[in-house]
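S.K.: quick check, what structure comes out for this input:
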Amino acid sequence: MSTRSTYGRHGHAELPQEVVVAIQRILELDPENQNDPLDVLSNEFNPLDMLNQLFPDEVSLSQLETVQARLSQNERDLQGEIDALKEELRHDQDPNRMQMIQEMISDLLGQMSRIREKATESEAVVRDITKDIQALDLAKKNLILSMTTLKRLQMLVNALTQLEDQAKEKKYGDISQTLAAVKQISASFKPYTSVHRINQVWRRVQQIQGEIRTQLEAEFDAFYLQDPAKPSKPAQIIDACAVADVLGHDVRRHLIDRYVALELKEYRRIFRATDEAGHLDNISRRYAWFRRVLGTHELELGRIFPSEWRVGWALFTKFVAITRDDLVALLSKAGSSLTIKALLEALRQTIEFESSMAKKWLTPLNEILEASSPPSSATVQSMSSAFEPHLGVFVDAQDKALADMLATHRASSSKAKPRTSLETTPRDSISTDADAATPQTVLSSSTELFYFYGQSLEQCAKLSTGQTLFDLCMVHKKWLRRYAEDVLAPRSKRPTAQTRRSMDSRFDVTDLQQAALLINTADYCQTTALELEENIKEKIHDGFKERVTLQAERDLFMTAISVSITTLLRELEAACEGAFTAMSRMSWEKLNQVTGQSSYVDDLTRAVESFCDIIKPLIEQKKYLRNFFDKSCSLVLTKFTNAAVKSRPLGEIGGEQLLIDLGVVKSYLMRLPGEALVTQGYTRSLTKSTTRLEALLKVIVTPVDPPEGFILNYTLLIGDASFSNFQKILDLKGTPKTEQNSLLDSFLTITSTKTDLDSTSFLSALDMDPPLILSAIFGSPGSSRVTLPLSITPGAGSDSIFGSLGSPPLSGPPTGSSTDGSTSRGLESGQKREVFDIRRFVTFGLRRSETLPTS
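M.R.: Next comes the predicted model:
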């Protein structure tokens, strides 16, 4: 007991780690090799564990006196060590000893100071001893440099004398070697030109180089204009070329320019812009003349020049510069009288000529012109670039051709009567779906348009890849926009038809074919427009690539697809109208028993099935079919809900009958897309949507007696404490007004104690006076009613049918899918309800469907 209390008093007395390490160092303790637990310096020592170790059982208590004696001996030994250490510490802290240590440190510092002084004296002695050696070493170095310089000066003088003799005798083969040696040796004397004798030699070197250059120019002029009676020796000119290379690049450039000017002198005279030969229609004669001159050069004088001089390149570059100036003058003078035929023919011949020259030397044209252009001026531009400012006539011609080509299609599209399928063309050559049983079709005008685009693009790329190609791209953008607005958009507008009777479930097959045709055509156009954009970027100059985009035009085609799907949804609504009208006229409260599915369900499924059987083979891309089925499912369930609300009171038996009908409709809608088109998102969305409607009907089926059970069932299924929502349930159920007041009072009493209930739910969006015809909403995007009871507003989620019929954010999940896979129970407080807009929901569905993989 005393041991435990002692440990309790000192259990928190811990030694710092630094103190433990210091004690182990002083006592020379090894913490890793401690056999006795009492010798371990640790804050984790537990005396209870030590006692249990010494006395593990009652028998061991008999050795208590032995253990106590050993511990007492250990205590005496430790006390002796402590006393010895204290005595040693007292001796080390003796003041006399500390004074002695300080005196020893002072003596040591004095010795270090004396050693430093002696080292300084030794350094001065060594420097004095080696001073003469350093002077002699410098004299030796200067003497060697002087001897080397005098030797080089002697070599330079001798080489100059030899070079003068070789220049007089025109021994160009020897001159090139001697002159190179003279230039190399004289370069080392440039820092010593202040010396009179060296300056004289330096000026003599420059004078001799000038004389040799003058002699070379006269030699080459005689060679260029040689007299047949006195022909020059080719070997001598070849050696002279080597001398020119030694003299420098400017001498070589001067000799080449002189030769090029003499060769092209006749060209300037023959092809003056004022003469007939210099006219634009005779441009082929210019190129034929140069080919003859270049052939003569390569067979005769061109063999004399070294290959690295590239005289042929220089001759071609000068010809390009002269011809380009003439073309600029001719094209500017022609002005508006220039015909597209003459322009394109001249440009074609120019491009062919430039391409043939680049192919001849296996070098790109730009590299040839850059390598041969004068260093002091800008790089010579190609001859074909002179046509660039005047190629607007080509672009205008393409614009006019497109206007003429689409004129008939634009005129026919403006009529009220839709175009028949005879105007379509099989799309097998464009894009086919491997799973399609029959070939899909598109408007022939779209294939004609893009075929023309491809040809004009290839033709323009051969003429220019700069501003002209960009201007042509702008023309393509213009007519893609016109095609979407003037050809596809008028066709998507539904013509005025005779008013259908409410029970008429028939639909116009021609309208369905027209809408599917527009979907296929718009999809083909937006897909091919992307390929066209990529093709233009591959061909156009780098400076224009960032400005090339057809995204706005592709968006127009996506809008056309959206409008066409909206048209299909209108037709589907009209086809189902008879069944839903019959449903809304049912007297549910008069039913005495449930008798299986209602008759209107057969009419509904038959109408939807016949409609979808026509649509499936007409639409080529499965992503649009999926989108259509997503929206069709939402539309059918929305119409079902609106008809049920319109036909109230429902009664308990009526609610049960509606639950059976809803189950049949759900089962049919689950199978509607088919195995190839159904997706997990579609199934999940359908299940969630019908679950909410089932929850509504299950509350209606519940008897109001007892009220507590009815209200409890409401809170479990609906999950809110909204007074207005509960009022809607009573109205749908057909509860008499006299009973509603007591039920509402009980509802307020019970829900006031349930703080976990939300203030809103999906019933908050339920319109108790919905229109039976959703087309009114289609044509009136500004309507303020939300007739979608199973929905929560788009801001709260898009996993229900009514969430998808709203306008979800673009970052939401794909059509028919949910973010978290759970059913939202209500709206956030203060959240606004959005207007149902069919155009926005179809466009959103299309964009989200594009992210899904096609099967």
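S.K.: I'd like to know which elements the helix or strand encompassing residue 348 is packed against.
M.R.: Using DSSP states H and E, residue 348 sits within helix 340-361. If contacts are counted by 3 or more C-beta pairs under 8 Å, 6 or more residues apart in numbering; DSSP states H and E, helix 340-361 sits against helix 283-299, helix 311-334, helix 365-372, helix 392-413, helix 444-463. Using the backbone N, CA and C atoms, a C-beta is placed for each residue, glycine as well.
S.K.: between these, which gets nearest to residue 161?
M.R.: Closest approach to residue 161 among the helices and strands packed on helix 340-361 (C-beta to C-beta): helix 311-334, 34.6 Å.
S.K.: got the angle for that closest one vs helix 340-361?
M.R.: Interaxial angle of helix 311-334 relative to helix 340-361 (axes from the mean of the first three to the mean of the last three C-alpha atoms, to 10 degrees): 170 degrees.
S.K.: any buried residues in helix 311-334, and which?
M.R.: 311-324, 326-328, 330-331 (16 or more other C-beta atoms under 10 Å).
S.K.: cool, and stretch 142-162?
M.R.: Those would be 153, 156, 159-160, for stretch 142-162 by 16+ other C-beta under 10 Å.
S.K.: mind checking which of those land in helices?
M.R.: With helices defined by DSSP state H, the entries of the buried residues of stretch 142-162 inside them are 153, 156, 159-160.
S.K.: in JSON lines: the residues you listed, plus distance to residue 580.
M.R.: As requested, those are exported to JSON lines (distance: C-beta to C-beta, whole Å):
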{"residue": "153", "distance to residue 580": "117"}
{"residue": "156", "distance to residue 580": "113"}
{"residue": "159", "distance to residue 580": "113"}
{"residue": "160", "distance to residue 580": "115"}
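S.K.: secondary structure class for residue 378?
M.R.: Using DSSP: H, G, I helix; E, B strand; the rest coil, the structure places residue 378 in coil.
S.K.: render the CA-only coordinates of whichever strand or helix holds residue 22 in PDB, please.
M.R.: Element membership for residue 22, per DSSP H and E: helix 17-26. Written as PDB, here are the backbone C-alpha positions of helix 17-26 (Å, rounded to 0.1, in the frame of the first residue of the first chain):
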ATOM      1  CA  GLN A  17      15.900  13.500 -22.000                       C
ATOM      2  CA  GLU A  18      19.000  15.700 -22.000                       C
ATOM      3  CA  VAL A  19      19.500  15.000 -18.300                       C
ATOM      4  CA  VAL A  20      19.100  11.200 -18.900                       C
ATOM      5  CA  VAL A  21      21.700  11.300 -21.700                       C
ATOM      6  CA  ALA A  22      24.200  13.300 -19.600                       C
ATOM      7  CA  ILE A  23      23.800  10.900 -16.600                       C
ATOM      8  CA  GLN A  24      24.400   7.900 -18.900                       C
ATOM      9  CA  ARG A  25      27.500   9.500 -20.400                       C
ATOM     10  CA  ILE A  26      29.000  10.400 -17.000                       C
END
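S.K.: which other helices and strands contact the helix or strand just after it?
M.R.: For helix 17-26, the succeeding helix or strand toward the C-terminus, using DSSP H and E, is helix 47-54. In terms of contacts (3+ C-beta pairs under 8 Å, 6+ apart), helix 47-54 is packed against helix 2-10.
S.K.: in the helix holding residue 22, what counts as buried?
M.R.: residue 20.
S.K.: could I get the average pLDDT for it?
M.R.: Here helix 17-26 scores 74 as its mean pLDDT.
S.K.: could you do stretch 104-114 as well?
M.R.: 90.
S.K.: quick one: distance of that stretch to the chain centre.
M.R.: Put simply, stretch 104-114 sits 76 Å off its chain's centre (C-alpha atoms, centre = their mean, to the nearest Å).
S.K.: same question for stretch 586-602.
M.R.: With C-alpha atoms, centre = their mean, you get 58 Å for stretch 586-602.
S.K.: dump that stretch to PDB, restricted to CA.
M.R.: C-alpha atoms of stretch 586-602 as PDB (Å, rounded to 0.1, in the frame of the first residue of the first chain):
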ATOM      1  CA  MET A 586     -62.700   8.600 -65.500                       C
ATOM      2  CA  SER A 587     -64.900   8.800 -62.400                       C
ATOM      3  CA  TRP A 588     -62.400   7.300 -60.000                       C
ATOM      4  CA  GLU A 589     -64.400   8.000 -56.800                       C
ATOM      5  CA  LYS A 590     -67.300   5.800 -58.100                       C
ATOM      6  CA  LEU A 591     -65.200   2.700 -58.500                       C
ATOM      7  CA  ASN A 592     -66.300  -0.100 -56.200                       C
ATOM      8  CA  GLN A 593     -63.400  -2.500 -56.900                       C
ATOM      9  CA  VAL A 594     -60.100  -2.900 -58.700                       C
ATOM     10  CA  THR A 595     -60.500  -4.800 -62.000                       C
ATOM     11  CA  GLY A 596     -57.000  -5.000 -63.500                       C
ATOM     12  CA  GLN A 597     -55.500  -2.400 -65.800                       C
ATOM     13  CA  SER A 598     -57.800   0.200 -67.400                       C
ATOM     14  CA  SER A 599     -58.700   0.300 -71.100                       C
ATOM     15  CA  TYR A 600     -56.900   3.600 -71.700                       C
ATOM     16  CA  VAL A 601     -53.600   2.000 -70.800                       C
ATOM     17  CA  ASP A 602     -53.900  -0.300 -73.800                       C
END
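S.K.: list the buried residues of it.
M.R.: Buried, per 16+ other C-beta under 10 Å, within stretch 586-602: 586, 588-589, 591, 597-598, 600-601.
S.K.: from residue 741, how far out is residue 717?
M.R.: Per C-beta to C-beta, to the nearest Å, residue 717 is found 23 Å from residue 741.
S.K.: higher neighbour count, those two?
M.R.: Taking other C-beta atoms under 10 Å, residue 717 and residue 741 do not tie; residue 717 has more neighbours (17 against 9).
S.K.: any weak-confidence spans in the protein?
M.R.: 1-15, 27-45, 227-232, 411-440, 492-507, 771-855 (pLDDT under 70).
S.K.: show me the strands in it, by range?
M.R.: Shown for the chain, the strands assigned by DSSP state E span residues 424-426, 441-443.
S.K.: quick one: strands adjacent to the last one?
M.R.: In the sheet containing strand 441-443, the strands it pairs with under DSSP bridges are strand 424-426 (antiparallel).
S.K.: rewinding a little: quick check, nearest of the buried residues of stretch 586-602 to residue 508?
M.R.: residue 600 (22.7 Å).
S.K.: what's near enough to touch the closest one?
M.R.: 579-580, 582-583, 586, 661 (C-beta atoms under 8 Å, 6 or more residues apart in numbering).
S.K.: mind redoing it with 6 Å?
M.R.: Residue 600 sits next to 579, 582-583 when contact means C-beta atoms under 6 Å, 6 or more residues apart in numbering.
S.K.: what's the distance between it and residue 592?
M.R.: Counting by C-beta to C-beta - residue 600 and residue 592 are separated by 19 Å.
S.K.: just residue 308 next, same as before
M.R.: 111 Å.
S.K.: before we move on, what about residue 615?
M.R.: Taking C-beta to C-beta, one finds residue 615 at 41 Å from residue 592.
S.K.: ok so, going back, between the helices and strands packed on helix 340-361, which one is nearest to residue 66?
M.R.: helix 365-372 (105.6 Å).
S.K.: what residues sit buried inside the closest one?
M.R.: 365, 368-369, 372.
S.K.: other SSEs contacting it?
M.R.: Applying 3 or more C-beta pairs under 6 Å, 6 or more residues apart in numbering; DSSP states H and E, one finds that helix 365-372 contacts helix 311-334.
S.K.: contact partners of the helix it packs on?
M.R.: By C-beta under 6 Å, 6+ apart, the list of residues contacting helix 311-334 reads 256, 260, 264, 273, 280, 290, 305, 357, 368-369, 372, 380, 383, 386, 390.
S.K.: which one of those is nearest to residue 728?
M.R.: Closest to residue 728, out of all of the contacts of helix 311-334 and judged by C-beta to C-beta, is residue 390, at 74.8 Å.
S.K.: contacting residues for that closest one?
M.R.: Residue 390 touches residue 331, counting by C-beta under 6 Å, 6+ apart.
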